[in-house]
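*Asks:* this one's structure only:
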């Protein structure tokens, strides 16, 4: 449905009224900022947004100033109110309201990101197996991993061209090489791929490249060691592991700090 029209203010008509009358439209037509409009829309519930539109009646003191305009405005509002009641009843009976599932949308983006990230590292002929694994996902409840049964993967794999000669053992070996773990499900054996680890690994690679570009190879080596350990590491242990000069390690750590 179309939204309500914005209030209209004509300066020529306003010049004919009194000074007190001129002040009313200015306050009533206060222009809200974009942020305020967004906040006002977000605070409304679904029934308020789709089932009814609130209307404000003119104050009695305003009708005394201009009775002709008040009567005409009341007639217009009464007619619009009847039309809106009919539309609201139609919407309540026949209209289906849709809402975006952001969790599922983010999960689909994660799957696409991880699938595309692995593709350059895949061997020739293994792309259909990797794609079939994601297409045969059992459930969307877990947004941090993808789990597909062996039968589901084989079913999706059979729908692709050039995969008739692929065996179950070959498919399992490819998925294991892609760091998929074996689990048991209601449909039998299944494979699970951890999306969270993949996203974290990609993020670490990007940060490592930025550290190397800004602070050099020594900082890159130290940063990778800290990320790999995943905990606090003593300075002496960093020196022994990276085989770097003590002064270089100290100065680099201060830069990274």
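*Replies:* Yes, it's here. Since we're looking at a predicted model, the values are computed, not measured.
*Asks:* show me what whichever helix or strand residue 176 is part of is packed against.
*Replies:* Per DSSP states H and E: residue 176 is located in helix 168-177. Contacts defined by 3 or more Cβ pairs under 8 Å, 6 or more residues apart in numbering; DSSP states H and E place helix 168-177 against helix 127-135, helix 150-158. In this view, the C-beta of every residue, glycine as well, is placed from N, C-alpha and C.
*Asks:* any buried residues in the last one, and which?
*Replies:* Residues of helix 150-158 classed as buried under the neighbour-count rule (16 or more other Cβ atoms under 10 Å) are 150, 152, 153, 154, 156, 157.
*Asks:* tell me which two in these are the farthest apart.
*Replies:* Of all pairs drawn from the buried residues of helix 150-158, the widest gap by Cβ to Cβ lies between 150 and 156 and measures 11.1 Å.
*Asks:* hey, what's in contact with both of these two?
*Replies:* Counting by Cβ atoms under 8 Å, 6 or more residues apart in numbering, residue 150 and residue 156 have no contacts in common.
*Asks:* that older thread, and the angle from the helix holding residue 176 to helix 127-135?
*Replies:* Using axes from the mean of the first three to the mean of the last three Cα atoms, to 10 degrees, the direction of helix 168-177 lies 70 degrees away from that of helix 127-135.
*Asks:* related to what we said a few turns ago, tabulate the helices and strands packed on helix 168-177 (JSON lines), appending distance to residue 109.
*Replies:* As requested, the helices and strands packed on helix 168-177 are exported to JSON lines (distance: least, Cβ to Cβ, whole Å):
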{"stretch": "helix 127-135", "distance to residue 109": "12"}
{"stretch": "helix 150-158", "distance to residue 109": "20"}
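*Asks:* for residue 239, which of the ones you listed is the nearest?
*Replies:* Minimum separation from residue 239 across the helices and strands packed on helix 168-177 (Cβ to Cβ) falls at helix 127-135, 41.6 Å.
*Asks:* what angle separates the closest one from helix 150-158?
*Replies:* Going by the same axes, to 10 degrees, helix 127-135 makes 130 degrees with helix 150-158.
*Asks:* in helix 127-135, what's buried?
*Replies:* 128, 129, 130, 131, 132, 133, 134, 135.
*Asks:* looking at it, the first one is touching residue 160, isn't it?
*Replies:* I take that to be residue 128. Yes: using Cβ atoms under 8 Å, residue 128 is in contact with residue 160, at 4.6 Å.
*Asks:* hang on, isn't residue 221 packed against residue 239?
*Replies:* No: counting by Cβ under 8 Å, residue 221 does not reach residue 239; the two are 11.4 Å apart.
*Asks:* comparing these two, which shows the higher neighbour count?
*Replies:* Per other Cβ atoms under 10 Å, whichever of residue 221 and residue 239 has more neighbours is residue 221, with 19 against 16.
*Asks:* now the more buried one: closest residue in space that isn't a chain neighbour?
*Replies:* Among residues not flanking residue 221 along the chain, residue 242 sits closest, at 5.1 Å (Cβ to Cβ, 6 or more residues apart in numbering).
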